[in-house]
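Undergrad: mind looking at a prediction? Sequence and model below.
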Amino acid sequence: MWVLFLWREQDLGVDWYVDSADLQCCVLCCQIARGGNAQASELVDFGASQGWNRTQTATGPIKFIDENDVTRLTIKSGSSRAPGSGSPHIEIRNAAGQRIDVYGDLVTRRSPGNHTPIIWNLGP
């Protein structure tokens, strides 16, 4: 069972909300960060279990898109086209569509935290 969190930051007067998919994604990412060595096939299963729609162009990466049309998970086999992207990795976004690292912190497109290493086991 996953829990929804809602709390109030008194100093800022802002409500913070983490939806269950964000929480599950962060849990999965923390497992990977702890040396879980997630395989691409496990991540495909995870994306499908969230009810996210799988898409992939003929030459592009596997993407999972949520009900709000946000790309939540991108699974890449690696490409020498972009620095830091040569090895298999995932890119994760929160429900707001912002790039996050395995700890849920915001990252930029070129940040190392935007490229979480995985084991590629899906074929060429």
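TA: Nice, I can see it. Residues are numbered from 1 along each chain as shown.
Undergrad: and stretch 107-120, end to end?
TA: Counting by C-alpha to C-alpha, to the nearest Å, you get 23 Å between the two ends of stretch 107-120.
Undergrad: typo on my end, it should be stretch 109-123
TA: So stretch 109-123: terminal residues 26 Å apart, C-alpha to C-alpha.
Undergrad: now it: buried residues?
TA: Counting neighbours by 16 or more other C-beta atoms under 10 Å, one finds that the buried residues in stretch 109-123 are 113-116, 118, 120. Quick note: C-beta positions are derived from backbone N, CA and C, even for glycine.
Undergrad: then stretch 38-54?
TA: Those would be 38, 40, 42-44, 46-47, 50, 52, for stretch 38-54 by 16+ other C-beta under 10 Å.
Undergrad: Throw those residues into a markdown table and include pLDDT, secondary structure and distance to residue 73, thanks.
TA: Shown next, in a markdown table, are the buried residues of stretch 38-54 (pLDDT from 0 to 100; DSSP: H, G, I helix; E, B strand; the rest coil; distance: C-beta to C-beta, whole Å):
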| residue | pLDDT | secondary structure | distance to residue 73 |
| --- | --- | --- | --- |
| 38 | 84 | coil | 11 |
| 40 | 91 | helix | 11 |
| 42 | 88 | helix | 12 |
| 43 | 89 | helix | 7 |
| 44 | 92 | helix | 9 |
| 46 | 86 | helix | 8 |
| 47 | 89 | helix | 5 |
| 50 | 87 | coil | 8 |
| 52 | 94 | coil | 7 |
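Undergrad: returning to that earlier point: and the buried residues of stretch 109-123 as TSV, adding pLDDT and secondary structure?
TA: Below are these laid out as TSV (pLDDT from 0 to 100; DSSP: H, G, I helix; E, B strand; the rest coil):
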residue	pLDDT	secondary structure
113	82	helix
114	85	helix
115	85	coil
116	86	strand
118	88	coil
120	92	coil
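Undergrad: before we move on, the earlier item: and of the buried residues of stretch 38-54, the nearest to residue 88?
TA: Distance to residue 88 across these (C-beta to C-beta) is lowest for residue 40, with 6.6 Å.
Undergrad: helix, strand or coil for the closest residue to the closest one other than its chain neighbours?
TA: Distances taken as C-beta to C-beta, 6 or more residues apart in numbering place residue 122 nearest to residue 40, at 4.7 Å, with adjacent residues excluded. Three-state call for residue 122 (DSSP: H, G, I helix; E, B strand; the rest coil): coil.
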